[in-house]
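In: show me how the following folds:
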Amino acid sequence: MKPVRFTLSRAFAGAVIAGLAATAPLAHADTAAPLCRTSPDATLSLCVAIDNDQRARWSLSRKGKALVAPSLLGFILTDGLNMVRGWSVTGSETASGDDTWEQPWGERRYVRDHYNEMLVHFRQSGEQGGRLMDVRFRLFDNGIGFRYELPKQAAMTTMRIADEETEFSIVPKGTAWWITGGDWNRYEQIYQKTPIDGVATAHTPVTMRLDDGTHIAIHEAALVDYAAYWLKREDGQKFRTTLSPSSRGARVVRDLPFDTPWRTMRIADDAAGLVENDLELNLNAPNKLGDVSWFKPQKYIGIWWNMIKGDWTWAEGPRHGATTQRTKDYIDFAAQHGFSGVLVEGWDKGWNGNWLGHGDQFSFTKSADDFDLKAVTDYARQKGVRLIGHNETGGNIANYESQLDDAMKLYASVGIGLVKTGYVADGGGIVAPGDTPGSLRMEWHDGQRQVEHHLKVVETAARYHIAIDAHEPVKDTGLRRTYPNWVAREGARGMEYNAWGAFSNPPSHEATLVYTRMLSGPMDFTPGVLSLEGADHVPLASTLAKQLGLYLAIYSPIQMAADSIDNLAKYPRELEFIRAVPADWAESHLIAGSIGEYAIFARKDRASQDWYVGGVNDATARTLTLDFGFLPAGKAYTATIYKDADGITYADESRHRIAYDTRAIRKGDTLPIWLAPGGGTAIRLVPQGK
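Out: Prediction:
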């Protein structure tokens with residue numbers, strides 16, 4: 001049977017082309033007919049075609065209904081004709097894959113990678129430049145990814161990209177949760193909830209709930225040597241990727257051949273399907289580091305919260321936080337209560353001046369006068385605790401990169417296995433090395449230069465068996481699969497904001513992060529402020545039970561108990577839960593949740609048969625009935641329950657009241673749990689007879 005040949009008009013309806021997916025044959029020659037491919041279960045159907053203006057377009061349907069109308073592919077260049085018009089399809093190839101791989105640490109131990117694939121070859125006409133471009137589409141049952149692959153070619157040896165013309169033209173109406181892309185405060189914003197056509201320019205992931213209940217999230221995977229993109233609404237519900245800026249003019253400069261990051265869409269029937277989705281991980285390359293058993297998921301405390309509150313200072317002086325004796329006190333507390341690490345901020349030289357956005361005075365090897373690095377690390381080793389290093393750069397990567405190898409070598413020599421990095425500067429305020437010795441240039445936190453920098457830090461740290469927790473980072477795109485020592489990032493508005501104003505993070509914040517920021521990867525949110533107080537006793541929008549629920553809701557393989565040790569000691573029962581709750585899981589399931597409202601997880605400990613259930617609530621009191629159908633049959637568990645006391649609220653002093661319960665639980669049992677406004681819950685399930 002010959003392939004049907006026709007040319008699509010610009011106004012051709014997305015539903016029509018998407019409907020062809022199930023029936024149109026795959027073309028393998030120069031043709032204007034659409035090329036189509038379905039996901040393994042045929043739920044998703046994706047087509048690629050050339051329109052009347054010789055522009056390449058893709059479209060997507062789900063369960064026979066249009067989801068993405070025909071949307072452009074291509075690039076705008078700074079030094080040549082745009083790679084948007086003049087395209088023809090010269091052929092295509094198909095493939096499938098079905099594999100299961102093991103994470104060294106994570107939300108779940110095993111990940112299935114099951115997909116169908118289509119690689120489409122494009123050629124531009126000679127009058128448009130005669131360039132070659134391949135686009136690889138990968139369809140999973142729960143989403144898609146596609147990337148540009150630029151082959152070696154005579155028409156172009158170096159590509160200077162002004163911007164992408166990659167579009168997502170969403171067909172159904174719905175609601176979006178998003179934060180502004182290109183804002184001065186990077187990713188540290190409160191999420192907006194608007195109709196889809198109310199989005200402006202957004203960082204990804206952008207999460208949408210369509211009117212029919214379908215949940216989608218648009219993001220990217222495997223961001224390497226390229227600029228991150230912001231999702232910019234063009235009109236209606238049509239969006240375009242726009243790349244983070246660069247001081248060089250071209251936002252990305254790459255020699256051919258190269259592949260771009262994947263542009264991704266998670267797609268699910270409900271919130272659980274969106275959250276329990278490993279799309280971006282599967283689109284990243286496998287582990288390049290080999291054996292990474294030298295990193296252990298862990299919980300830690302630190303000299304931090306009292307500085308955030310303003311009681312102590314990073315700068316040297318009478319209120320300096322990072323003194324040798326105070327660090328030893330924290331090490332003693334960690335050893336007594338089962339914490340494996342102590343973070344110490346302000347330990348090094350460079351904090352005394354105006355460091356924010358400057359950072360040129362920081363030393364990453366020289367200690368403050370009242371901090372003895374060797375004495376502290378020797379003491380920690382005797383106690384079975386390890387110091388967690390801290391490298392704040394003030395956004396000055398020129399200064400940091402010049403010291404990077406020496407710093408990591410020093411830390412490895414004294415037993416530091418985890419380093420928290422920081423890039424505190426306004427958007428566009430990264431100070432990078434220039435093209436000539438001694439010169440500087442200004443870059444964005446998520447531009448190509450900073451993407452290169454973060455990977456340089458991770459790769460250098462890996463040589464010394466050191467893991468990295470990046471604050472003020474570029475967004476996570478699943479690179480923890482390829483570089484498992486990249487264990488966490490901040491990349492959102494974290495706990496620290498609660499110290500700076502009453503209810504600065506509203507009660508819905510964490511219940512929104514679960515379905516937005518957390519879709520990209522682990523976050524160092526720093527829970528465990530059991531005092532529920534910030535600077536000058538400002539209240540947190542949280543109950544005591546919610547602080548425990550955060551350990552289940554906001555995943556990270558490094559979890560902090562962020563409060564000062566004096567405050568943590570006042571809550572022995574809660575501290576015991578924090579000590580016990582793992583930071584590494586065999587399974588994770590969202591068992592109850594709605595975007596921005598509540599999120600309750602069930603997670604199984606990787607190192608035992610214990611299960612943990614818990615999560616967070618917004619400002620609306622609600623009763624949930626938790627179903628324990630996830631438990632194995634024939635086994636009884638003793639459930640230790642931490643929950644909001646009856647009638648309390650985050651909005652007054654009652655937020656400190658917590659209730660405890662113990663009961664037997666089996667598979668199939670249900671449990672009603674009342675969640676206070678701003679509340680939460682946490683449950684530990686231990687097999688009986690253990």
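
In: how close does residue 600 get to residue 525?
Out: To residue 525, residue 600 is 17 Å away according to C-beta to C-beta, to the nearest Å. Placement of C-beta: from N, CA and C, glycine included.

In: same deal with residue 365?
Out: When distance is defined by C-beta to C-beta, residue 365 is 29 Å away from residue 525.

In: what about those two, which has more around it?
Out: residue 525 (26 against 13; other C-beta atoms under 10 Å).

In: skipping its backbone neighbours, what lies nearest the more buried one in space?
Out: residue 554 (4.5 Å; C-beta to C-beta, 6 or more residues apart in numbering).

In: so that neighbour is in contact with residue 524, correct?
Out: No. Using C-beta atoms under 8 Å, residue 554 is not in contact with residue 524, being 9.1 Å away.

In: so where is this protein shaky, pLDDT-wise?
Out: The model of the chain has pLDDT under 70 over residues 1-32, 690.

In: show me the domain layout of it.
Out: 14-282, 298-491, 527-690 (automatic domain parsing).

In: now those in CSV, with distance to residue 510?
Out: Listed next are those as CSV, based on distance: least, C-beta to C-beta, whole Å:
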stretch, distance to residue 510
domain 14-282, 11
domain 298-491, 14
domain 527-690, 5
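
In: quick one: which of those is nearest residue 516?
Out: In terms of C-beta to C-beta, the element of those nearest to residue 516 is domain 14-282, at 5.0 Å.

In: from the chain's centre, how far out does that closest one sit?
Out: Centre-to-centre, domain 14-282 and its host chain are 18 Å apart (C-alpha atoms, centre = their mean, to the nearest Å).

In: by contact count, what packs against the helix or strand encompassing residue 253?
Out: Counting by DSSP states H and E, the element that carries residue 253 is strand 252-255. When contacts are defined as 3 or more C-beta pairs under 8 Å, 6 or more residues apart in numbering; DSSP states H and E, strand 252-255 sits against strand 158-164.

In: helices and strands around the strand it packs on, which ones?
Out: Looks like strand 158-164 contacts strand 75-77, strand 238-243, strand 252-255 (3+ C-beta pairs under 8 Å, 6+ apart).

In: kindly export the second one (C-alpha atoms) in CSV.
Out: Looking back up the chat, that one is strand 238-243. Extracted C-alpha coordinates of strand 238-243, given in CSV (Å, rounded to 0.1, in the frame of the first residue of the first chain):
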residue,chain,number,x,y,z
LYS,A,238,-0.1,28.2,22.4
PHE,A,239,3.3,28.2,24.1
ARG,A,240,6.8,28.5,22.8
THR,A,241,10.1,27.6,24.4
THR,A,242,12.3,30.6,24.9
LEU,A,243,15.9,30.0,26.0
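
In: what angle separates that strand from strand 158-164?
Out: Angle, strand 238-243 to strand 158-164, by axes from the mean of the first three to the mean of the last three C-alpha atoms, to 10 degrees: 140 degrees.

In: what's in contact with strand 238-243?
Out: Applying C-beta atoms under 8 Å, 6 or more residues apart in numbering, the contact partners of strand 238-243 are 69, 71-72, 161, 163-170, 181, 199, 201, 218, 226-234, 251-252, 263.

In: can you flag which of these belong to strands?
Out: Those of these mapping onto strands are 69, 71-72, 161, 163-164, 167-170, 201, 218, 229-234, 252, 263, per DSSP state E.

In: can I get the buried part of the residues you listed as one ChimeraX selection?
Out: Entered in ChimeraX, the line below selects the buried ones among the ones in strands among the contacts of strand 238-243, by 16 or more other C-beta atoms under 10 Å:
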select :69,71,72,161,163,164,167,168,169,170,201,218,229,230,231,232,233,252,263
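
In: still on that earlier bit, in contact with the residue nearest to residue 525, which residues?
Out: Counted by C-beta under 8 Å, 6+ apart, residue 554 has contacts 510, 513, 514, 518, 523, 525, 527.

In: kindly report the same for residue 472.
Out: Listed by C-beta under 8 Å, 6+ apart, the contact set of residue 472 reads 186, 395, 422, 423, 424, 425, 445, 490.

In: again with residue 512
Out: 177, 191, 595, 596 are the contacts of residue 512 under C-beta under 8 Å, 6+ apart.

In: could you work out the most separated pair of these?
Out: By the measure C-beta to C-beta, 191 and 595 form the most distant pair in the contacts of residue 512, at 9.4 Å.

In: please enumerate the shared neighbours of these two.
Out: In terms of C-beta under 8 Å, 6+ apart, residue 191 and residue 595 are both contacted by the residues 177, 512, 516.

In: okay, and which of these map to helices?
Out: Mapping these onto helices (DSSP state H) picks out residue 512.

In: make TSV out of the shared contacts of residue 191 and residue 595 and add distance to residue 115.
Out: What follows is the shared contacts of residue 191 and residue 595, written out as TSV (distance: C-beta to C-beta, whole Å):
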residue	distance to residue 115
177	27
512	29
516	25
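
In: which one of the shared contacts of residue 191 and residue 595 is nearest residue 569?
Out: The closest of these to residue 569 turns out to be residue 512 (C-beta to C-beta; 32.0 Å).

In: where's the closest one relative to residue 177, distance?
Out: For residue 512, the distance to residue 177 equals 6 Å [C-beta to C-beta].
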